[in-house]
Structure formats: C-alpha cells, structure tokens
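A.B. asks: need coordinates for the below:
(one chain, ligands or ions: 2)
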Amino acid sequence: MNIYDIIEKKKHGLTLKDEEIKYVVKDFTNDIIPDYQMAALLMAIYFNGLDVSETYTLTEAMIESGDKIDLSKIDGKKVDKHSTGGVGDTTTLVLGPMVASLGVPFAKMSGRGLGHTGGTLDKLESIPGMHIDLSTEELINNTNEIKIAIAGQTSNITPADKKLYALRDTTATVDNISLITSSILSKKFAMGADSLVLDVKVGSGAFMKDIESAEELSKMMIDVSKKFNRHTKILITSMEEPLGYAIGNALEVIEAIETLKGNGPKDLYELCLKLGSKLLIMNGKCLSEDEAVILLEQNIKNGLALEKFIELVEKQGGDSSYIKNPSNFILSETKIEVISDYTGYVKSIDALLIGEVARDLGAGRLTKDTVLDLGAGIVLNKKIDDKVKKGDLLATFYTNKDDEVSAAIKNIKSAYQIGEKNKDPYKFIYKEIE
Ligand code: URA
Ligand code: CA
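C.D. replies: Ligands and ions are numbered 1, 2, ... in the order given. The predicted structure is shown next:
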C-alpha cells in the first residue's frame, strides 16, 4: 500500500478499503505520511466524500490512534452532550447541574476555546480555585458521589484527530461532513460516551452554513454511531445570533448562574430544557419529553439545580462564594457601551463576527498559547426580533486591551443587522433527528 495510490483513488471518487484508511491514519499519526500528501488526500475527500462505511472505519482508526477511557465504573447510565461549536454557548454549565440534580450521571470531558468559539474549561477556570485537571479515577469517583464532574482531557486521546484537525484548519478542509463526524465521534467514543445528544449548529457562526448540510451531517453522525452500537440524538439549532446574552468566560458563568436561578435568557433556557429532556429519556429516568421538562423546571424553581452547581464547584476546589454572589466576579477594567445608529428591528447578529470581537477583547484564543483575560467579553442587550431605536444600547463590552476598543465598537455595530421586522418570529431550534 502507498499513499500516492490512495490519493489517486479518492481523486477519482473510488471507495477506499478499510485497510487503506487504517494505514493512512496510522502512518500519518506516526509522522510517516507527510502533511503535503495528507493535505492532498483531505482535499480529495472534501470533493468526493466518504460513505458511511468509510467514515465509520476512519472514526475507528482515529479512536485506535490513542488511549481509550473506561468510564464503566460510573453507576447508572451516564449521559453526555456535545455541540459542534457555538458562540456564547453556556449550555454545559446549565445542563449538567440540571440533569445531575435529578440523579442522572453527567461526566464530561470538555475542551478549551479556540478561535471564535469558547470552551467550557476556560469558563470554569474563571471561578477562583476551580481545577479541571481531574484524573480518570477522580472523574469516576466524583460522578458517583455527586452525579457530576467536568474535566479536561488529560491523557493521549485521539492524537490522529489533533494532527488532522490542525492540518484541516490550514487547508480549508474543516467543513466536510465525514471529517467532522469522525473528528467529533472518535473523541466522544474514546472518552467513553455511550448516550450522546449532539447540538449541531447551523448559520453564519457555524461550520454548517445551511440547514441541508446540517441535516446531512446529522444523518452521518447517527448512522456512524449506530455502527458503534451507540445511541446518538441530534438537535439542529441556529447560530444566526450568539446563544444567550453573554459571550466571554466569567460573563458566561454569571449567565449560567442566572439561568439556574430561572432568570436566564429564553433561548439558552429553552435549549437546556430540550437537551435535558432528551438526556433524561436516554438515561431511562423519564418516558416522555413532557414529563422530563416538568422535572427539569421543578429543579430550577426549587433551587436544586443551582445547589448542584455549587456542589460541583466545591468538589473541584472552586470558591463557591462567587456562585452565591456573582457580583464577586471581577470583570475587565474598561467598560464600553455600544449604541445603535439605526431604528428598526434586529434581523440577525453575526455570531462569527461577535465571537471574533470577543476573542480580540481577550476572551478567546488566536493560537493555543494565548493567555486569556477571563473577565473580558460582550453582553448583548438586543437580540433578534427586538425593537431598536437610534441611541438605544445594543451591547456592553469589557476589556483590558484599550487599543481594541474602537475596532470592537465598529464591529459590534456591523454585526447587528437592523431593518424591517422579520416576517416570521425567529425559530432557533430547527429540527430534531433521532
Ligand atoms: N469540532 C470538532 O471537534 N471537530 C470538527 O471537525 C469540527 C468541530
Ligand atoms: Ca451566552
């Protein structure tokens, strides 16, 4: 077998054999196949695709490239949630405590933010003292004791994905359905997930720009999961605006606390109820979504979900006085209000651009080595369908980088599309696929 013949084969749209896919992943991970040949193969895959069976084999080969984590010692049926990458997506910090407060085990390994998307680990680290470098044993024990643990990925999981993703990122081959499927599912399955709800984002701030390609991606994720005998459900949700109001690390923790108190943004809360009800059904806790929503709302109203978040923070060494008194969080020093130049209705808010502005203000990373300013970010004041008058407050932002202020004002203004009222009210959960 040689890489040249495999590139030639995929260039002509032929189906690759299992052993060819396994050979490519193994030798690329071991630095035997060089980047330029792998890049050519990725582009051939981008244009000619991989079928379900090839995508399954690619996913399996990527899992086998590194360690697998055994979470079978967690009592009961654990559940997990993953999103394909959003802006201001605070879901995990709300959803985890909600389901765990009902006794459903939520053991999550999360990532850090890169580019315009934020990462749960960075958000958690804005709580002083919080540590996320749990060993597998701690992850298991904490989940058994208090039903929830959120940790970083410690060991050598899917090194093939790390190398491939870095190459895809620089060769314009990220947004391919089979490559996204194998990248996400290999990580999830290597980390021991069995029941998974995937939030597939669609829109300007997402990899999938239209609903048809999001559906195609969803179908591939479900078909490949089935071949692994895993249960995956999909929600397709819109990224025509950022989720909730807050974008930035401490700001999003504050937003999560408010949501757990029942005072959060409507879209974030609605998404958590929807994802949560699916997780409760997959766990066997509930038979119907209606029943699940009643239980989830109950634990918001009686404060048990917020208490569970406090328990999680204390268990992982964090200072829970910040959760009890969110005004303890220290935000970046410069606070700027962005005012509307127009009168009308908000038609959309470019999530990609808002994510990039938040990054430049200090909330996100341009490279892996960027040091974050956890108090930086943006709080939107107007969302899609809101009425705006000239002079109204659109958004407030926080930063310690004063040389970014004027660009941020200009970009936040241009992210807002203001015009006539949208014909139909904004529908943010597009579709459910099981
Ligand atoms: N997230 C991932 O982990 N991988 C992809 O390919 C896309 C989004
Ligand atoms: Ca948010």
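A.B. asks: which parts of the chain sit against ligand 2?
C.D. replies: G88, T90, L243, G244, A246 (Cβ under 5 Å from the ion). No exception for glycine: its C-beta is placed from N, CA and C like everyone else's.
A.B. asks: wait, L243 touches C272, no?
C.D. replies: No. Using Cβ atoms under 8 Å, L243 is not in contact with C272, being 10.2 Å away.
A.B. asks: residues contacting the residue of the chain found nearest ligand 1?
C.D. replies: Nearest residue of the chain to ligand 1: S183, at 3.4 Å (Cβ to the nearest ligand atom). With contacts defined as Cβ atoms under 8 Å, 6 or more residues apart in numbering, S183 is in contact with M62, D161, L164, Y165.
A.B. asks: turn the residues you listed into JSON lines, including secondary structure and pLDDT.
C.D. replies: JSON lines is the format used below for those (DSSP: H, G, I helix; E, B strand; the rest coil; pLDDT from 0 to 100):
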{"residue": "M62", "secondary structure": "helix", "pLDDT": "97"}
{"residue": "D161", "secondary structure": "helix", "pLDDT": "93"}
{"residue": "L164", "secondary structure": "helix", "pLDDT": "94"}
{"residue": "Y165", "secondary structure": "helix", "pLDDT": "89"}
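A.B. asks: can you say which of those are buried?
C.D. replies: M62, D161, L164 (16 or more other Cβ atoms under 10 Å).
A.B. asks: quick check: the gap between the residue lying closest to the first one once chain neighbours are set aside and S225.
C.D. replies: To tie it back to what came earlier, the one meant is M62. Nearest in space to M62, with sequence neighbours left out and distances taken as Cβ to Cβ, 6 or more residues apart in numbering, is S186 at 3.7 Å. S186 is 12 Å from S225, where distance means Cβ to Cβ, to the nearest Å.
A.B. asks: and the two? which has more neighbours close in?
C.D. replies: S186 (26 against 23; other Cβ atoms under 10 Å).
A.B. asks: show me what secondary structure element comes after the host helix or strand of that one.
C.D. replies: According to DSSP states H and E, S186 maps onto helix 177-190. Beyond helix 177-190 on the C-terminal side, the first helix or strand identified by DSSP H and E is strand 195-202.
A.B. asks: what's the following helix or strand after that next one?
C.D. replies: Next element after strand 195-202 (DSSP H and E): helix 211-227.
A.B. asks: and the residue of the stretch 151-300 of the chain that's closest to ligand 2?
C.D. replies: G244 (3.0 Å; Cβ to the ion).
A.B. asks: sec struct for that residue, please.
C.D. replies: Secondary structure, DSSP: H, G, I helix; E, B strand; the rest coil: G244 is coil.
A.B. asks: count of neighbours near it?
C.D. replies: Neighbours of G244 (other Cβ under 10 Å): 28.
A.B. asks: surely it and C272 touch.
C.D. replies: No. Using Cβ under 8 Å, G244 makes no contact with C272, being 10.3 Å away.
A.B. asks: overlap in contacts of these two?
C.D. replies: With Cβ under 8 Å, 6+ apart as the test, G244 and C272 both reach T259.
A.B. asks: isn't Y56 right next to V224, touching?
C.D. replies: Yes. Between Y56 and V224 there is a contact at 5.1 Å, judged by Cβ under 8 Å.
A.B. asks: what touches both of the two?
C.D. replies: Contacts common to Y56 and V224, judged by Cβ under 8 Å, 6+ apart, are absent.
A.B. asks: contact partners for D75?
C.D. replies: Counted by Cβ under 8 Å, 6+ apart, D75 has contacts P105, N144.
A.B. asks: does it sit in a helix, a strand or a coil?
C.D. replies: Under three-state DSSP, D75 comes out as coil.
A.B. asks: distance of it from P105?
C.D. replies: 7 Å.
A.B. asks: likewise for T91?
C.D. replies: In terms of Cβ to Cβ, T91 sits 18 Å off from P105.
A.B. asks: close enough to count as contact, T181 and T55?
C.D. replies: Yes. Between T181 and T55 there is a contact at 5.5 Å, judged by Cβ under 8 Å.
A.B. asks: all strands of the chain, in order?
C.D. replies: Listed in chain order, the strands of the chain (DSSP state E) span 79-83, 106-110, 148-152, 195-202, 231-238, 246-247, 334-339, 344-349, 377-380, 387-388, 393-399, 416-419, 429-433.
A.B. asks: mind putting those into a markdown table with distance to ligand 1?
C.D. replies: Shown next, in a markdown table, are the strands of the chain (distance: least, Cβ to the nearest ligand atom, whole Å):
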| stretch | distance to ligand 1 |
| --- | --- |
| strand 79-83 | 8 |
| strand 106-110 | 12 |
| strand 148-152 | 15 |
| strand 195-202 | 9 |
| strand 231-238 | 14 |
| strand 246-247 | 19 |
| strand 334-339 | 30 |
| strand 344-349 | 22 |
| strand 377-380 | 22 |
| strand 387-388 | 33 |
| strand 393-399 | 26 |
| strand 416-419 | 26 |
| strand 429-433 | 18 |
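A.B. asks: so which of the ones you listed is nearest K315?
C.D. replies: Shortest distance between K315 and the strands of the chain, using Cβ to Cβ, is found for strand 148-152: 7.6 Å.
A.B. asks: tell me how many other residues surround N381.
C.D. replies: 17.
A.B. asks: that concludes my questions; thank you for your assistance.
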